[in-house]
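Q: got a sequence here, can you model it:
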Amino acid sequence: MTDPQAQNPFERHSHDDVRALIGDYPLAWVVAQGGDGDESSLLPLIGVYGADGALVELIGHMARRNPLHAALAADPRALILFQGPQAYVSPDQVGRRNWGPTWNYTQLRIRAEIEFTPDETPEALDVLIDAVECDRAEPWNAAELGDRYPGLLGAIIGFRARVVSVRGKFKLGQDEAAVDYRGIRATTRDPAMLHWMDRFNGRKGA
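A: Numbers count the residues shown, from 1 in each chain. Just a heads-up that it's a prediction; the model follows:
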């Protein structure tokens with residue numbers, strides 16, 4: 001994780017911030033870094049965390065026929081990109097036409113090594129289902145597929161992405177003057193963006 005004392009205010013973040021972003025936005029780009037480096041897919045991933053709260057690996061699955069499978073089997077190095085809420089910020093929001101527009105966003109760049117775990121494919125699927133179905137009144141489970149389950153399971157393969165490095169950038173108005181930040185916050189309509197702005201700015205917007 002980035003040094004919390006990093007000079008760039010947007011790169012100061014905690015293990016909890018990483019965990020929250022992955023939990024809220026689990027769909028990530030997984031990009032093969034070996035060979036031609038042009039195989040990529042959007043895949044849902046679930047984080048696994050150490051005793052200190054640091055991200056240590058990501059659990060996922062992909063179709064066996066996905067070209068990314070062959071690319072990562074040949075070279076396990078991968079770049080994994082998560083993106084959370086993002087929003088354009090107009091000068092209108094701060095009430096000054098000579099104020100430069102900008103963009104607020106949240107992102108993670110994770111370098112990892114992929115280990116395919118065919119024997120753990122059912123568990124990889126269950127971990128994802130449990131995570132995305134947990135807040136429903138009647139959570140769905142894979143057993144409800146009935147006779148279709150073995151065939152569908154055979155078409156996918158589970159994997160673990162062992163984390164090598166994590167870089168986060170949370171650009172959420174930390175560098176704005178309090179009066180400008182309050183204007184931006186008051187005119188931001190996305191509840192998710194407001195949640196993340198408040199997470200990083202505390203009472204600055206009060």
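Q: C-terminal to the longest helix along the chain, what's the next element?
A: Identified as the longest helix of the chain according to DSSP state H is helix 121-133. Once helix 121-133 ends, the next helix or strand along the chain (criterion: DSSP states H and E) is helix 149-154.
Q: in its sheet, what does the following helix or strand past that next one sit against?
A: Next helix or strand after helix 149-154 toward the C-terminus (DSSP H and E): strand 156-171. Strand pairing for strand 156-171, using DSSP bridges, gives strand 55-63 (antiparallel), strand 102-116 (antiparallel).
Q: output those strands in TSV, with mean neighbour count and mean pLDDT appended to each entry.
A: C-beta here means a position set from N, CA and C on the backbone, and glycine is covered the same way. As requested, those are exported to TSV (neighbours: other C-beta atoms under 10 Å; pLDDT from 0 to 100):
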stretch	mean neighbour count	mean pLDDT
strand 55-63	20	98
strand 102-116	19	98
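Q: in JSON lines, list the ones you listed along with distance to Ala177.
A: Shown next, in JSON lines, are those (distance: least, C-beta to C-beta, whole Å):
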{"stretch": "strand 55-63", "distance to Ala177": "33"}
{"stretch": "strand 102-116", "distance to Ala177": "13"}
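Q: for Val132, find the nearest of the ones you listed.
A: strand 55-63 (12.5 Å; C-beta to C-beta).
Q: ok so, going back, off-centre distance for the longest helix of the chain?
A: 17 Å (C-alpha atoms, centre = their mean, to the nearest Å).
Q: which residues touch that helix?
A: Contacts with helix 121-133, where a contact means C-beta atoms under 8 Å, 6 or more residues apart in numbering, come from 23, 26, 44, 46, 59-61, 117, 139-142, 153, 156-159.
Q: now that helix against strand 156-171, angle please.
A: Calculated by axes from the mean of the first three to the mean of the last three C-alpha atoms, to 10 degrees, helix 121-133 forms an angle of 40 degrees with strand 156-171.
Q: could you give the mean pLDDT of helix 121-133?
A: If you average the pLDDT over helix 121-133, you get 96.
Q: could you export it as PDB, CA atoms only?
A: C-alpha atoms of helix 121-133 as PDB (Å, rounded to 0.1, in the frame of the first residue of the first chain):
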ATOM      1  CA  THR A 121     -13.700 -23.700  -8.300                       C
ATOM      2  CA  PRO A 122     -16.900 -24.500  -6.400                       C
ATOM      3  CA  GLU A 123     -15.600 -22.600  -3.400                       C
ATOM      4  CA  ALA A 124     -14.600 -19.600  -5.600                       C
ATOM      5  CA  LEU A 125     -18.100 -19.500  -7.000                       C
ATOM      6  CA  ASP A 126     -19.700 -19.800  -3.600                       C
ATOM      7  CA  VAL A 127     -17.500 -17.000  -2.100                       C
ATOM      8  CA  LEU A 128     -18.700 -14.600  -4.900                       C
ATOM      9  CA  ILE A 129     -22.400 -15.700  -4.600                       C
ATOM     10  CA  ASP A 130     -22.300 -15.200  -0.800                       C
ATOM     11  CA  ALA A 131     -20.900 -11.700  -1.200                       C
ATOM     12  CA  VAL A 132     -23.300 -10.400  -3.800                       C
ATOM     13  CA  GLU A 133     -26.400 -12.200  -2.500                       C
END
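Q: lovely, talk soon.
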